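sequence plus predicted model, see below.
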Amino acid sequence: MTDKRIVLCTASSEDEARKIALYLVELRLAACVNIVPRIESVYRWKEKVESSREYLLLIKTSAERFPQVRDAIRELHSYELPECIAISIEDGSIEYLQWLGYSLVTDDKSAEEFPSAPQKPL
């Protein structure tokens with residue numbers, strides 16, 4: 001098992017999803033955020049079954065950064081109760097997991113030392 005995490009979060013609009021994604025990546029709280037458009041969520045809310053069109057964020061981060069990711073989602077999100085679920089990454093490409101870790105480093109010099117960062121992260 002690694003210390004890397006995928007965090008699931010849904011947003012009500014593309015603008016909200018993009019705002020959260022950019023914030024997390026710019027502050028190095030996430031290495032990459034995929035935005036999956038136009039999903040449909042079915043859920044129970046206040047004793048009623050609801051259905052909504054949403055945007056799914058797949059946030060790549062670390063266990064260490066997760067509390068900050070969770071706090072940022074809570075602060076930036078429009079929902080009363082935003083989804084924020086962390087899933088452990090058991091294994092993966094060594095190079096990708098190294099890139100993910102280095103992308104979360106706040107010391108620019110340390111991050112630049114990573115020689116084989118992929119051109120297009122997934």
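Happy to help now that I have it. Quantities reported herein were computed from a predicted structural model and do not represent experimental measurements.

quick one, grab the pLDDT at Asn34.
Predicted confidence (pLDDT) for Asn34: 98.

no no, Ala11
On pLDDT, Ala11 comes in at 98.

look up phi and psi at the closest residue in space to it that isn't next to it in sequence.
Excluding its sequence neighbours, the residue lying closest to Ala11 (CB to CB, 6 or more residues apart in numbering) is Ala17, at 3.9 Å. Backbone N, C-alpha and C define where each C-beta goes, glycine included. Main-chain torsions, Ala17, degrees, to the nearest 10: phi -60, psi -50.

try the one 5 residues further on
With angles defined as degrees, to the nearest 10, Leu22 shows backbone torsions of phi -60, psi -40.

ok, how many other residues are close to it?
Using other CB atoms under 10 Å, Leu22 has 12 other residues around it.

same question, Val69
Count around Val69 with other CB under 10 Å applied: 24.

how about the helix or strand hosting it: buried residues?
Here Val69, judged by DSSP states H and E, is contained in helix 66-76. Under the neighbour-count criterion of 16 or more other CB atoms under 10 Å, helix 66-76 has 66, 69-70, 72-73 buried.

convert whichever helix or strand comes after that helix to PDB, retaining C-alpha atoms only.
Next helix or strand after helix 66-76 toward the C-terminus (DSSP H and E): strand 85-88. Provided in PDB are the C-alpha atoms of strand 85-88 (Å, rounded to 0.1, in the frame of the first residue of the first chain):
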ATOM      1  CA  ILE A  85     -14.200  10.500   0.400                       C
ATOM      2  CA  ALA A  86     -10.600   9.300   0.400                       C
ATOM      3  CA  ILE A  87      -9.700   6.000  -1.200                       C
ATOM      4  CA  SER A  88      -6.200   4.500  -0.600                       C
END
